[in-house]
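J.: generate a structure from the sequence data that follows.
(one chain, ligands or ions: 1)
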Amino acid sequence: MSAADDDSLFVYDEVAYPTPVLPAQTPSRMRSACIAFGYEPKACDTASMLEIGCGDGFNLIGCAAAEPAGRYVGFDLSTAAIGRGQEMLALSGLTNVDLHPGDITAYPKTGERFDYIVSHGVYGWVPEFVREALLDLVAARLAPGGVAMVSYDALPAAAPKVALNRFLRERTAHLVGPEAQLREAYRLVGILAAPQHAGSRLKPMLDLLTKELPHFEPAYFFHDFLAEHYAPASMQDFAAAAARRGLRAIGDAGMTDLFSGDLDDEARALIAAAGDDYAERAHLLDMLRGAMMFRRTFLVREDAPPPLSARGLKDLSYVFLGGSETGSDERGPYTKYTEGEETYLIVREPDERAIMAALDEAEPNELSFAELVARTGLSEDAVERFLARAVAVKLVVAQASPQPFVVVPGERPVAAPLIRTMMGVGNWAITLRHARLVTEPEPTRLFLTLCDGTRTRAELAAEMSARFDTDVTLALVEAAIADLGPRRVFSA
Ligand SMILES: C[S@@+](CC[C@H](N)C(=O)[O-])C[C@H]1O[C@@H](n2cnc3c(N)ncnc32)[C@H](O)[C@@H]1O
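T.: Below is the predicted model:
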């Protein structure tokens, strides 16, 4: 039986899943994270990548725009999703992407082997026979020296979600249509959340849901909490399933497994006893912290692993693009470094402040590990220890190749071609840091399409004034550039 042997409309054709383009799914960031774990996959500029269950393929389109000499292939069971991707592909003019409909269970096991394989949001949300076929496909199509990333919800942290998913699904199954099911599921979440007392094991998840639901994309909730198939896996079981196909787990795209400074001596001793066995270490971390809800595990071929030459964090460069503020509390003075709205790190130790100050001063440029050691005068060990933490909490980005963007563009600003194409037809685009940039105001969208490198800032002001029949001053254009630059839209 194939995954599509059913007359009813495929659920992803019925309810579109907006692809959440994520930096961690690019070859560039996968390569950087693998190097941090001691593996060095192929350089990304000419690499090939396959995405299994790619949805609309926007992730691949963003990657392909950043690496024109690379080759990107994606398939998905949803013909509607693939259709949306093919439309954008035609508009973008990109020739290095191939998107086509396909079923994991029937996809050819022979043919081109890929340097990078990604399957995001699929493994834990399909029936068991599809999960098996997905790993078979990775094993068949991963090139020697290649790296795959497969994501899934992780046990034990995801255990309460299994119960919640089942409860919500069973109690909404009688309703006709996703909208009615969603309405009822939201109502049920509210009813469940209210009486949970402090000791409730469901409370943290229900509290989070109640807080997040008003801002949540309904399609994500539908395909997750109301998914017909929902099967989180423990790191241990996932690694065992991969091993049966000759694949070995070597790290996680989230890079949290690099850091164990939050654990006590006994816990760290348990981890140390796991030695080089990454899967065992990661499994122990999941049991010790109980907080890892989502894993993006890197897999390599046992028979041809990539070279083990990388020196981990010492082989990477670092960039910090956030802000900072100083303060003082009962424990003394501190500096709070922030990146985006949710990520922050409070730094008190002078050595750690020195590292962050060096990165802050270099912003928006990156510093190599060696430069950081030289600028701070600290030992390699001290710098490595702090970076493992700063990278794990996503305050600092570790990278193996230079950033493709500038925060402050030149006199004739150039917004990346894909951004100009996407803003020309819609209200969102994929930035040069591979994130979603959503902008409703018409002037911003038009402004970005005009930034094609042919106009000076003064000419941009004149063109905007003419288009909107109002006085757009040079100062306003400068302010717009200053606002858009940190969102990584301007090409280097
Ligand atoms: C949660 S979405 C994730 C989409 C995309 N990978 C992302 O990260 O946004 C799951 C995707 O798996 C696809 N899928 C489910 N079963 C499949 C199968 N048997 N073969 C190919 N794709 C499948 C769905 O159509 C859907 O696009």
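J.: ok, the residue lying closest to Ser119 once chain neighbours are set aside to the ligand distance?
T.: Distances taken as Cβ to Cβ, 6 or more residues apart in numbering put Ile52 closest to Ser119, at 4.0 Å, once the chain neighbours are dropped. All C-beta atoms are positioned from the backbone trio N, CA, C, and that covers glycine. Ile52 is 7 Å from the ligand, where distance means Cβ to the nearest ligand atom, to the nearest Å.
J.: near Phe75, how many other residues are there?
T.: For Phe75, the neighbour count with other Cβ atoms under 10 Å is 19.
J.: mind starting the numbering at 378 from now?
T.: Shifting the count to begin at 378 puts that one at Phe452.
J.: residues touching Ala442, list them.
T.: Ser469, Leu471, Ala793, Pro794, Leu795, Ile807 (Cβ atoms under 8 Å, 6 or more residues apart in numbering).
J.: got it, and Arg461?
T.: Per Cβ under 8 Å, 6+ apart, neighbours of Arg461: Ala393, Asp433.
J.: and the next element down the chain from the helix or strand hosting it?
T.: Using DSSP states H and E, Arg461 sits within helix 456-469. Later in the chain than helix 456-469, the nearest helix or strand by DSSP H and E is strand 474-478.
J.: quick one: mean pLDDT over the helix or strand following that next one.
T.: Per DSSP H and E, strand 474-478 leads on to strand 491-496 as the next helix or strand towards the C-terminus. Taken as a whole, strand 491-496 has a mean pLDDT of 98.
J.: close to the ligand, is the helix or strand just after strand 491-496?
T.: Heading C-terminal from strand 491-496, the first helix or strand you meet, by DSSP H and E, is helix 505-518. Yes: Helix 505-518 lies within reach of the ligand by Cβ under 6 Å from any ligand atom, at Val507.
J.: list the buried residues of helix 505-518.
T.: Using 16 or more other Cβ atoms under 10 Å as the burial criterion, the residues of helix 505-518 that qualify are Val507, Arg508, Glu509, Ala510, Leu511, Leu512, Asp513, Leu514, Val515, Ala516, Arg518.
J.: do you know how far the residue in the stretch 728-869 of the chain that the ligand sits nearest to is from Met664?
T.: Closest to the ligand within the stretch 728-869 of the chain is Arg813: 11.3 Å, counting by Cβ to the nearest ligand atom. Separation of Arg813 from Met664 (Cβ to Cβ, to the nearest Å): 34 Å.
J.: quick one: stretch 510-520 to chain centroid distance?
T.: Its chain's C-alpha centre and that of stretch 510-520 lie 21 Å apart, by Cα atoms, centre = their mean, to the nearest Å.
J.: can I get that stretch in CSV? Just the C-alpha atoms.
T.: What follows is stretch 510-520 as a C-alpha-only set of coordinates in CSV (Å, rounded to 0.1, in the frame of the first residue of the first chain):
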residue,chain,number,x,y,z
ALA,A,510,10.5,4.1,4.1
LEU,A,511,11.8,7.6,4.9
LEU,A,512,14.9,6.2,6.6
ASP,A,513,15.3,3.6,3.9
LEU,A,514,15.3,6.4,1.4
VAL,A,515,17.9,8.5,3.3
ALA,A,516,20.1,5.4,3.5
ALA,A,517,19.7,4.8,-0.3
ARG,A,518,20.2,8.4,-1.4
LEU,A,519,22.8,9.8,0.9
ALA,A,520,26.2,10.3,-0.8
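J.: give me the residues contacting it.
T.: Counting by Cβ under 8 Å, 6+ apart, 419, 425, 427, 429-430, 481-482, 484, 486-492, 494, 496, 499-500, 503, 525, 527, 618-619, 622-624, 676-678 sit against stretch 510-520.
J.: for PyMOL, write a command that selects the buried ones of those residues.
T.: Per 16+ other Cβ under 10 Å, the buried members of the contacts of stretch 510-520 correspond to this PyMOL selection:
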select buried, resi 419+425+427+429+430+481+482+484+490+491+492+494+496+499+500+503+525+527+618+619+622+624+676+677+678
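J.: for Lys771, give me its contacts.
T.: Per Cβ under 8 Å, 6+ apart, neighbours of Lys771: Glu716, Thr720.
J.: which element is it on?
T.: Here Lys771, judged by DSSP H and E, is contained in no helix and no strand.
J.: closest point of the stretch 528-677 of the chain to the ligand, which residue?
T.: Residue nearest to the ligand within the stretch 528-677 of the chain: His600 (5.1 Å; Cβ to the nearest ligand atom).
J.: pretty sure that residue is touching Val499, no?
T.: No: with contact defined as Cβ atoms under 8 Å, His600 does not count as touching Val499 (10.7 Å).
J.: give me the buried positions along the longest helix anywhere in the chain.
T.: Using DSSP state H, we find that the single longest helix of the chain is helix 555-570. For helix 555-570, the neighbour count (16+ other Cβ under 10 Å) marks Pro555, Gln558, Leu559, Glu561, Ala562, Tyr563, Val566, Leu569, Ala570 as buried.
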